[in-house]
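Visitor: Sequence first, then the predicted structure:
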Amino acid sequence: MEETMVKRGNRLIVYVPRELDHHFAEQITEELDSELEKGTVRQLVFDFSATTFMDSSGIGMLMGRKRLLSCCGGTVSAIHVSDRIWRIMQLSGIYKHMEISQEAVWNRKMR
């Protein structure tokens, strides 16, 4: 997988792929858990700027990482969430458990 995670201090930014399905959720979970086991991450940020699809596997991956970090006093948030992904997060109730930002990504190519 191409570079999907960038660590800055105690913040880890995860660039979510175009489609967050079972395959990618499993891949991200493995990489993330390996990094989270080190105990140096206090803020986990999922960047959804490139994501157009997410299924229940993606919701499960997000909630699982939220549970892991909550035990250590860490936070999880999602940024650059499109209207479509925001609707999925609303329907699943995940918005009640993490901060979600729909801020536009200005440097993204317009379709």
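Guide: Great, that's in hand. Numbering: from 1, shown residues only.

Visitor: So for stretch 76-90, what gets flagged as buried?
Guide: Neighbour-count burial for stretch 76-90, counted by 16 or more other CB atoms under 10 Å, picks out 76, 78-82, 85-86, 88-89. From N, CA and C alone the C-beta is placed, and that goes for glycine too.

Visitor: again, but for stretch 33-43
Guide: By neighbour count on 16+ other CB under 10 Å, the buried set for stretch 33-43 is 36, 41.

Visitor: so which of the buried residues of stretch 76-90 comes closest to residue 8?
Guide: Taking CB to CB as the measure, residue 8 lies nearest residue 79 of these, at 13.9 Å.

Visitor: Can you tell me how far the closest one is from residue 15?
Guide: From residue 79 across to residue 15, the span is 10 Å (CB to CB, to the nearest Å).

Visitor: which residues are in contact with both of the two?
Guide: Here residue 79 and residue 15 have 47, 49 as joint contacts, going by CB atoms under 8 Å, 6 or more residues apart in numbering.

Visitor: Locate the nearest residue to residue 98 once chain neighbours are set aside within the secondary structure: which element?
Guide: By the measure of CB to CB, 6 or more residues apart in numbering, the closest residue to residue 98 outside its immediate chain neighbours is residue 76, 4.8 Å from it. Here residue 76, judged by DSSP states H and E, is contained in strand 75-79.

Visitor: thinking the residue nearest to residue 98 is in contact with residue 63, fair?
Guide: No. Here residue 76 lies out of contact with residue 63, judged by CB atoms under 8 Å, at a distance of 9.0 Å.

Visitor: which residues are in contact with both of the two?
Guide: Joint contacts of residue 76 and residue 63 (CB under 8 Å, 6+ apart) are residue 97.

Visitor: about what we covered before: looking at the buried residues of stretch 76-90, which is nearest residue 50?
Guide: For these, the nearest to residue 50 is residue 80 (8.5 Å; CB to CB).
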